[in-house]
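Asker: structure for this input, please:
(chains A and B)
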Amino acid sequence: MKQIIYILLTIVLVLFIVNLAVAGDFTDFEAGLNYIHPSRSNNNKVINRNMSLGPGDNVYHNGATLLCSQCHVMHASMQHPHDGQTLPDPFGPFPQNFTPSKNLLKASDPVALCLTCHDNVAGIPDVVGADVNGLTARSAGFFESPGVDNPRGHKLDYGLDASSSNLCLRCHFGGTFATAAVSCIDCHNPHGNYRPRNLQWASDPGGEPQFGLLINPAATGMSRYEKANVGFGTTNDANLREVSNMCDDCHHSFTGSNYNDPDSNGIHNRHPSYDSERGSTNNIGQGASRGTTDPTHWENGTGAGFTSTPRLRFVNNGATDFTSSHVVDANVNGVFCLSCHSAHGSSNAFGLAWDPVVGKNGEGCDQCHNKTNL
Amino acid sequence: MKKLIFLTFAFVAFLMCSAFAGDYHTGATLNCNECHVMHYSQTHGYNADGTGSFTAMGTSGPYDNLLRNDVNDLCLTCHDNQTFAPDVLADNGGTAPTNGREAGALNRDNTAPYYDATGHTLGSTDIAPGGTFTNADGLNCTDCHQPHGYGGPTANPYRNLNPFSGGGFHASVSYAVGTNDLTMDVFENTAANYDLNNVHFNEPDQTASGFGAWCKSCHTDFHGSSADANMRDQAGPAGEDWYRHPTADANIGALTGGHSELSTFSGKAYRVHVMSSTGDWGTYGTPWTGAPADLTPSCMSCHKAHGNQNAFGLIFAKGDANLGEQGDGTTYSDLCKQCHVQGN
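Answerer: Residues are numbered from 1 along each chain as shown, chains lettered A, B, ... in the order given. Here you go, the predicted model:
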């Protein structure tokens, strides 16, 4: 009888593995991570952590601005503020009592903790719904309320296991892309990592390179989060990778030549998205030879696609500062995730930078492609 | 994975079509997401709340050029058996024009009554008769129609006819809507109306045919003027000794002595399309008294551009009743007798 049970269990296990193999999923977690980030093994985490602040200068939650007591409480109770603490406290008046939570957090979930400050508190970047700081356009856009399905961007949710092994389960092995949710700490390192916005590889926190999110040095305070004060550049290596490199952790089937041109016939099957780590860089001028893009139209910045939509963002190959990141040159300007999408979300479906329904449908698309010729 | 099939562009897009001077898939009616999908993945619609229809994707993607499906299957998602777009394949499963579809119907599966021999065959790798063009991947919609509408100097060509058909750039077919313009090749009474009685053909140049010149891009030897050696013996008398049936530069009844006869044509109540330099085509359904002497046949006089149920897509037009897509006759000679007196 035991033998029969063992045989049955073995068969089930084999079928499970075979099913995964047939479905194309990795059964080796490390292999999966290396597939997403081929340069992963080359990044020395010790060096990265000691990397001096570059484009991410003055990033909060780093160094002197990493204040333990803003997020943690030792005994789930606090009778009065720390010396020098700025009031009012986002968690309310003193004395404060908290529901004891894992990791000594002041909230039961990282998302709830983050949003205590990052939602509707003046002087702190507001990432959900309307902007309390009144920016013209937040660089990353905005989320819907947590727990609510969001067709306009990433869905925030509570109760997510943020371990890198669990990340895959959001979409694979039973999870679905359509319902997958994110936690703040999937993409942002809560203890700082000297990267712009503390962005990290969700699949391998600490393994990420430096990211080319370049802030206007003249911007201060909340204006550092204004869309107009942010540019994007890359040197195509770990010294300065395009910031969308961290999008690949979850959206890895949307970039890379294996996915964008699987039959290698030189004709895109998926929209190109700059990916220097997987050998898939691009520039808007590359489409001219087949007539798929109109570089002159892009550089002129008027007419079809521009009538109700500001120039879409682009990543500049070789740009390492804000000024050079804003040079408009079709032979240098690359299209990447943030060209069309806001990282958090927007008021448009898919977090798009333009409304694909109301008005002219070619808005956005026509900035590069100029097909409607309106 | 659950497949979502929503195809309800219908009235908004259709009304938009009617409101603009021009047909669909051009300018303001060129909607990228109807045909393209960026990442071969879509879980909701384009409205801000996630609702809204979107064209289903084929299952063998991702496809070249970010298309939602193979070209023909993509086009036919809307253009076959849908009420919101003209039906172009075989039987009309969409909104049936009163007098039949101007272009008739394509074929694909060599099944009755739309055999391969009855018109253009989607997917065919045959060489175009009279020419050298062939599509090694099979004839597809974009061989003839420019999917983005606008193309070259002929802005917004009639039916988005592709100025690159047959390879290389050439003029496309110009048209006017609502108010005729005799300098244009085609006149549509109203936009986005595919009834054969809604479309008429001008003759800006009485020695040429804009429509014929476009067809010539593939069917090279079948078209031209009386001055072209592929059409007529240049040593013969003017207007005579044609090698191939005229598609331009030959007025009905211009030659006496048993050739075509204008009264034969104009005496028919239901007449095939001809080109008119004066924009006068008589009234369909009524014999035509005082027809001008400069009416000229061209490709569309005898053939449905897509095809029909008759060999070669010919219109068996006896002329006694509404022609519809097949003609009101039973044999090709009925068509000949629209203009010719031989055998009467």
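Asker: contact partners for B:Val274?
Answerer: Contact analysis of B:Val274 by CB atoms under 8 Å, 6 or more residues apart in numbering or on different chains lists B:Phe201, B:Ile252, B:Phe265, B:Trp281, B:Leu295, B:Thr296, B:Pro297, B:Ser298, B:Ser301. Backbone N, C-alpha and C define where each C-beta goes, glycine included.
Asker: chain A: which of the residues you listed is nearest?
Answerer: The closest of those to chain A turns out to be B:Phe201 (CB to the nearest CB; 26.4 Å).
Asker: the closest one and B:Cys336: what is the separation?
Answerer: The gap separating B:Phe201 from B:Cys336 is 20 Å, by CB to CB, to the nearest Å.
Asker: these two - which one has more neighbours?
Answerer: Of the pair B:Phe201 and B:Cys336, B:Phe201 is the one with more neighbours under other CB atoms under 10 Å in any protein chain shown, namely 27 against 18.
Asker: host element of that one?
Answerer: Take DSSP states H and E as the rule and B:Phe201 turns out to sit in strand B:199-202.
Asker: what about residue 36, how many neighbours?
Answerer: Went with chain A since none was named. The local packing of A:Ile36 (other CB under 10 Å) involves 24 other residues.
Asker: that's the other chain; I wanted chain B
Answerer: Using other CB under 10 Å, B:His36 has 18 neighbouring residues.
Asker: so the residue of the stretch 51-200 of chain A found nearest chain B, which of the three states?
Answerer: For the stretch 51-200 of chain A and chain B, the shortest gap (CB to the nearest CB) falls at A:Pro151, measuring 3.0 Å. Classification of A:Pro151 by DSSP: H, G, I helix; E, B strand; the rest coil places it in coil.
Asker: buried sites along stretch A:332-348?
Answerer: A:332-346, A:348 (16 or more other CB atoms under 10 Å in any protein chain shown).
Asker: ok, back up a step: in the strand holding B:Phe201, which residues are buried?
Answerer: Buried residues in strand B:199-202 (16+ other CB under 10 Å): B:Val199, B:His200, B:Phe201, B:Asn202.
Asker: who are the packing partners of it?
Answerer: strand B:186-188, strand B:275-276 (3 or more CB pairs under 8 Å, 6 or more residues apart in numbering or on different chains; DSSP states H and E).
Asker: following the shortest one, which helix or strand comes up?
Answerer: When you say that, I think you mean strand B:275-276. Counting by DSSP H and E, the next helix or strand C-terminal to strand B:275-276 is helix B:299-302.
Asker: chain center to that following helix, what's the gap?
Answerer: 10 Å (CA atoms, centre = their mean, to the nearest Å).
Asker: ok, how many other residues are close to A:Phe254?
Answerer: 21.
Asker: and it, what does it touch?
Answerer: A:Cys247, A:Arg270, A:His271, A:Ser273, A:Cys337, B:His39, B:Ser41.
Asker: do the same with B:Ala105
Answerer: B:Ala105 is in contact with B:87-92, B:114, B:119, B:304, B:306-308, B:325, counting by CB under 8 Å, 6+ apart.
Asker: between the contacts of A:Phe254, which has the most around it?
Answerer: Using other CB under 10 Å as the neighbour test, the contacts of A:Phe254 are led by A:Ser273, with 28 neighbours.
Asker: for the closest residue to chain A within the stretch 201-344 of chain B, grab phi and psi.
Answerer: Closest approach between the stretch 201-344 of chain B and chain A, counting by CB to the nearest CB: B:Ser217, at 18.3 Å. Main-chain dihedrals, B:Ser217, degrees, to the nearest 10: phi -60, psi -30.
Asker: which residue ranges of chain B form helices?
Answerer: B:10-19, B:32-35, B:71-79, B:210-215, B:262-266, B:299-302, B:332-336 (DSSP state H).
Asker: what sits up against stretch A:339-348?
Answerer: In contact with stretch A:339-348 (CB under 8 Å, 6+ apart) are residues A:127, A:138-144, A:150, A:152-154, A:187, A:247, A:312-315, A:337, A:350-356, A:364, B:38, B:48.
Asker: ok, now which ones touch the residue in chain B that chain A sits nearest to?
Answerer: Nearest residue of chain B to chain A, counting by CB to the nearest CB: B:Gly50, 3.0 Å away. By CB under 8 Å, 6+ apart, B:Gly50 lies in contact with A:Asp149, A:Pro151, A:Arg152, A:Ala349, B:His44.
Asker: can you count the residues close to B:Leu255?
Answerer: Using other CB under 10 Å, B:Leu255 is surrounded by 15 other residues.
Asker: re earlier: next up, the contacts around the residue of the stretch 201-344 of chain B closest to chain A.
Answerer: Neighbours of B:Ser217 in contact, by CB under 8 Å, 6+ apart: B:Gly131, B:Phe133, B:Ser165, B:Gly166, B:Gly167, B:Gly168, B:His170.
Asker: so which bits of the stretch 1-150 of chain A are right by chain B?
Answerer: A:Asp149 (CB under 8 Å from any CB of the partner chain).
Asker: please enumerate the strands of the stretch 1-150 of chain A.
Answerer: Under the criterion DSSP state E, counting those that start in this stretch, the stretch 1-150 of chain A contains strands at A:77-78, A:96-97.
Asker: B:His223 is nearest to which of those strands?
Answerer: In terms of CB to CB, the element of these nearest to B:His223 is strand A:96-97, at 87.4 Å.
Asker: make JSON lines out of the contacts of B:Val274 and add distance to B:Ile315.
Answerer: Listed next are the contacts of B:Val274 as JSON lines, based on distance: CB to CB, whole Å:
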{"residue": "B:Phe201", "distance to B:Ile315": "14"}
{"residue": "B:Ile252", "distance to B:Ile315": "16"}
{"residue": "B:Phe265", "distance to B:Ile315": "14"}
{"residue": "B:Trp281", "distance to B:Ile315": "16"}
{"residue": "B:Leu295", "distance to B:Ile315": "16"}
{"residue": "B:Thr296", "distance to B:Ile315": "17"}
{"residue": "B:Pro297", "distance to B:Ile315": "12"}
{"residue": "B:Ser298", "distance to B:Ile315": "13"}
{"residue": "B:Ser301", "distance to B:Ile315": "8"}
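Asker: pLDDT weak spots in the stretch 51-200 of chain A?
Answerer: For the stretch 51-200 of chain A, the stretches flagged by pLDDT under 70 are A:51-58, A:164.
Asker: show me where it has its helices.
Answerer: A:110-118, A:164-167, A:184-187 (DSSP state H, counting those that start in this stretch).
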